[in-house]
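In: Sequence and computational prediction follow.
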Amino acid sequence: MMPGHHLLSLTVFAPLAGALLLVLLPKGEKALLKGAAFLVSLVPLATSLVVWARFDAANPGFQFVERAAWALGGITYHVGLDGVAILLFLLTTFLTPLVLLGAWNSILKSEKEFLISMLMLETGMLGAFVALDLFLFYVFWEFMLIPMYLIIGVWGGQRRIYAAVKFFLYTMVGSLLMLVAILYLYVKGGSSSFGFAEALKLALSTKEQLFLFLAFGLAFAIKVPVFPFHTWLPDAHVEAPTPGSVILAGVLLKLGTYGFLRFAIPLFPEAAGLCSVPLMVLAVIGIIYGALMAFAQTDIKKLVAYSSVSHLGFVMLGLFALTTESVQGAILQMVNHGISTGALFLLVGMIYERRHTRLIADYGGIARKVPVYATLFVIVTLSSIGLPTTNGFVGELLILAGTFQEGLRASAGGFYKPTLLVLAVLSATGVVLGAVYMLTLVRKVFFGPITNPENHKLTDTTLREGLVMLPLLVAIFVIGLVPNLFLGKSQAAVEAYLATYRPRVTAVRNAPASAEATADKPAGKPMIAEEH
């Protein structure tokens, strides 16, 4: 470990240390517990901002690297951060304090245990974004499952046990297959290391790659979730308490898309070439299906849940189009979705605390009673549908532009020449459908006559709720107006990434006959990103 290069470890484990501190505090001191948890969550935010300030955007390799022997068998504590992960790392530390502040009055039982679970979950998420040892990544990946299961199962709604068990089973199935694939890579490499860099050097045939890609890919596809592995998500969102929904949508789902970008494509590029168009087809199905299902919902929270299926379909499309614009847009859209959808879940939670109903039909005309709340909801809605000057516009535009660009390239020759262009056109309909279901929701909830007498008693946004929403609103407009402030951090890493892996993916994607001919031949060794 280099002197002074412990910022990542401090950021990752500060929440866990805070959780251990909360164990020592008296259970009856609720205000003390909440205040302590909130202050603890500010520590990783502060250290991540230091990481952001010191991060060298021109360096495409891993920075702030720490490496130490951890266990026998070549298992190492190896962490680092590059331009691919830094935005998601910062998003995690940004959302957690807001979630804890937003949950101040919404969790009414076992508050101490809830706060401990939230802080443990933050450590798991941050660790997964910086892990450069496959075994270490798996440990953090599984570690997240425990507190999230508790958050849904203990503090969720009436069907919380069903939703928690479904979430657990779906995730575990994919995770176990990924573990088998990790062990295969370990044995293939001589049983000496679980290192990500060492795994990249392995010469794997395309058939080996394909099976391993499917094992990793299933775990990541379930987490995204990619259609048709999405059925756990609406139940988990609806039954989870508001803080759980925000973290689930804001960060946890991104670990699936991040997994494809960080591990599945680099480790198995030829297999990614074989699977990329089927995955892009599923992504576009998810975009349209998620939007139509959202439009059909009568529960506000379930509508927002299905919108995540649609929005993350755009991210998957951008990742596998594999152009600079599409990958940059996908990374930024992961952040945008975390901010916008996280804000929507917070707003849904605020109105639920007042009315104890999420049914759209129970509202109507409430803008005149809660004008500040209505204004906040409309702004976040415009961000979600990608209005220019908001964050959602930049990400979706880059993804669509990059996908069209790749479609035009493929049309010059190759097996899939009409497919990518058709997918690009169909994906654009998701933008329109997104505006339809979100603006329809706004009209039904906030405008027209007040037909339900209970809505006359509604009170407007409190100071605490305003403080929770203010940073999210600032992020919406800063990203929308100055996107290069964020895109600049990932540009060098994305360009190096594509220079290494894009040729191998597209060679197989655009010429499957050639790929089949070399299916049993070991793939070439990729360039390894340098650590700094």
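Out: Done, it's in. Residues are numbered from 1 along each chain as shown.

In: Next, count neighbours for Leu20.
Out: Leu20: 12 surrounding residues under other Cβ atoms under 10 Å. Every residue, glycine included, has its C-beta placed from N, CA and C.

In: what about it, which SS state?
Out: Of the three states, Leu20 takes helix under DSSP: H, G, I helix; E, B strand; the rest coil.

In: Break down the stretch 351-500 of the chain into its strands, ranges please.
Out: Here the stretch 351-500 of the chain has no strands by DSSP state E, counting those that start in this stretch.

In: Flag every buried residue along stretch 220-229.
Out: By neighbour count with 16 or more other Cβ atoms under 10 Å, stretch 220-229 contains the buried residues 220-227, 229.

In: As TSV, the residues you listed with distance to Leu8 and secondary structure would be great.
Out: Listed next are those as TSV, based on distance: Cβ to Cβ, whole Å; DSSP: H, G, I helix; E, B strand; the rest coil:
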residue	distance to Leu8	secondary structure
Phe220	22	helix
Ala221	28	helix
Ile222	27	helix
Lys223	22	helix
Val224	25	coil
Pro225	28	coil
Val226	29	coil
Phe227	34	coil
Phe229	31	coil
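
In: for these, which one is nearest His78?
Out: Distance to His78 across the buried residues of stretch 220-229 (Cβ to Cβ) is lowest for Phe220, with 20.5 Å.

In: how deep is the closest residue to the closest one other than its chain neighbours tucked in, by neighbour count?
Out: In this structure, Phe220 finds its nearest non-sequential neighbour in Gly259, 3.8 Å apart by Cβ to Cβ, 6 or more residues apart in numbering. Applying other Cβ under 10 Å, we find 23 residues neighbouring Gly259.

In: Quick check: which helices or strands does the helix or strand where Gly259 lies pack against?
Out: Per DSSP states H and E: Gly259 is located in helix 254-259. Counting contacts by 3 or more Cβ pairs under 8 Å, 6 or more residues apart in numbering; DSSP states H and E, helix 254-259 packs against helix 86-102, helix 111-130, helix 206-223, helix 300-321, helix 324-355.

In: Give me the helices and strands touching the third one, please.
Out: Using 3+ Cβ pairs under 8 Å, 6+ apart, the elements in contact with helix 206-223 are helix 160-188, helix 254-259, helix 265-267, helix 269-296.

In: what sits up against the helix or strand just after it?
Out: Per DSSP H and E, the first helix or strand lying C-terminal to helix 206-223 is helix 232-239. For helix 232-239, the external contacting residues (Cβ atoms under 8 Å, 6 or more residues apart in numbering) are 152, 156-160, 162-164, 166-167, 170, 222, 225, 245, 248-249, 253, 299, 301-302, 304-306, 308-309, 345.

In: and the angle from helix 232-239 to helix 269-296?
Out: 40 degrees (axes from the mean of the first three to the mean of the last three Cα atoms, to 10 degrees).

In: So what's the model's average confidence on helix 232-239?
Out: Regarding helix 232-239, the rounded mean pLDDT is 88.

In: What residues of the helix or strand following that helix count as buried?
Out: Using DSSP H and E, the next helix or strand after helix 232-239 towards the C-terminus is helix 242-247. Within helix 242-247, the residues that count as buried by 16+ other Cβ under 10 Å are 242-247.

In: Can you convert those residues into TSV and add a column each for distance to Glu465?
Out: What follows is these, written out as TSV (distance: Cβ to Cβ, whole Å):
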residue	distance to Glu465
Thr242	11
Pro243	14
Gly244	18
Ser245	16
Val246	13
Ile247	18
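
In: any idea which of these is the one closest to Thr429?
Out: For the buried residues of helix 242-247, the nearest to Thr429 is Ser245 (26.8 Å; Cβ to Cβ).

In: wait, isn't the closest one in contact with Phe345?
Out: Yes. With contact defined as Cβ atoms under 8 Å, Ser245 and Phe345 form a contacting pair (4.3 Å).

In: Overlap of the contact sets of the two?
Out: 237, 301.

In: Just give me the residue right at the centre of the chain.
Out: Closest residue to the average C-alpha location of the chain: Lys254 at 1.5 Å, with Cα atoms, centre = their mean.

In: Surely that residue is in contact with Gly338?
Out: Yes. Lys254 lies in contact with Gly338 (Cβ under 8 Å); the separation is 6.4 Å.

In: Are there residues contacting both of the two? Which ones?
Out: Leu91.

In: Least confident secondary structure element in this structure?
Out: Across the helices and strands of the chain, mean confidence by mean pLDDT, DSSP states H and E is lowest for helix 512-517: a mean of 41.

In: hmm, back to that, so how far is Leu42 from the residue nearest to the centre of the chain?
Out: The gap separating Lys254 from Leu42 is 22 Å, by Cβ to Cβ, to the nearest Å.

In: before we move on, what about Tyr162?
Out: Tyr162 is 35 Å from Leu42, by Cβ to Cβ.

In: check contacts around Ile300.
Out: If you count contacts by Cβ under 8 Å, 6+ apart, then Ile300 has 348, 351, 358-360, 441, 445 around it.

In: Share the number of residues neighbouring the nearest residue in space to it that is not next to it in sequence, please.
Out: Spatial nearest neighbour of Ile300, excluding adjacent residues (Cβ to Cβ, 6+ apart): Arg358 at 4.8 Å. Residue neighbour count, defined by other Cβ under 10 Å, stands at 21 for Arg358.

In: and what of Ile385?
Out: 21.

In: What of Leu470?
Out: 12.

In: got a list of what it touches?
Out: Contacts of Leu470 by Cβ under 8 Å, 6+ apart: none found.

In: With Ile379 as the reference, measure out to it.
Out: To Ile379, Leu470 is 11 Å away according to Cβ to Cβ.

In: same thing with His78?
Out: His78 is 42 Å from Ile379, by Cβ to Cβ.

In: what do you get for Ile479?
Out: In terms of Cβ to Cβ, Ile479 sits 14 Å off from Ile379.

In: And for Val445?
Out: 15 Å.

In: Please give the centre-to-centre distance between stretch 267-285 and its chain.
Out: 19 Å (Cα atoms, centre = their mean, to the nearest Å).

In: ok, back up a step: Ile479 and Ile379 - which one has more neighbours?
Out: Using other Cβ under 10 Å, the more surrounded residue of Ile479 and Ile379 is Ile479, with 25 against 19.

In: What sits closest to that one if chain neighbours are left out?
Out: Asn391 is the one closest to Ile479 (Cβ to Cβ, 6+ apart), at 3.7 Å.

In: repeat for Glu406
Out: That would be Ala321: by Cβ to Cβ, 6+ apart, it lies 4.4 Å from Glu406.

In: The one you found and Leu119, how far apart?
Out: Counting by Cβ to Cβ - Ala321 and Leu119 are separated by 37 Å.

In: Who has more neighbours out of those two?
Out: Ranked by neighbour count (other Cβ under 10 Å), Ala321 and Leu119 place Ala321 first, with 30 against 26.

In: Might one say that Pro97 is in contact with Leu42?
Out: Yes. Using Cβ under 8 Å, Pro97 makes contact with Leu42 at a distance of 5.7 Å.

In: If I look at the closest residue in space to Ala58 that isn't next to it in sequence, what pLDDT would I see?
Out: The shortest distance from Ala58 to any non-neighbouring residue, by Cβ to Cβ, 6+ apart, is to Ala492 (5.5 Å). With respect to pLDDT, Ala492 scores 94.

In: can you check Thr419 too?
Out: pLDDT, Thr419: 79.

In: Equivalent analysis for the one 10 residues further on, please.
Out: Looking at Thr429, its pLDDT stands at 91.
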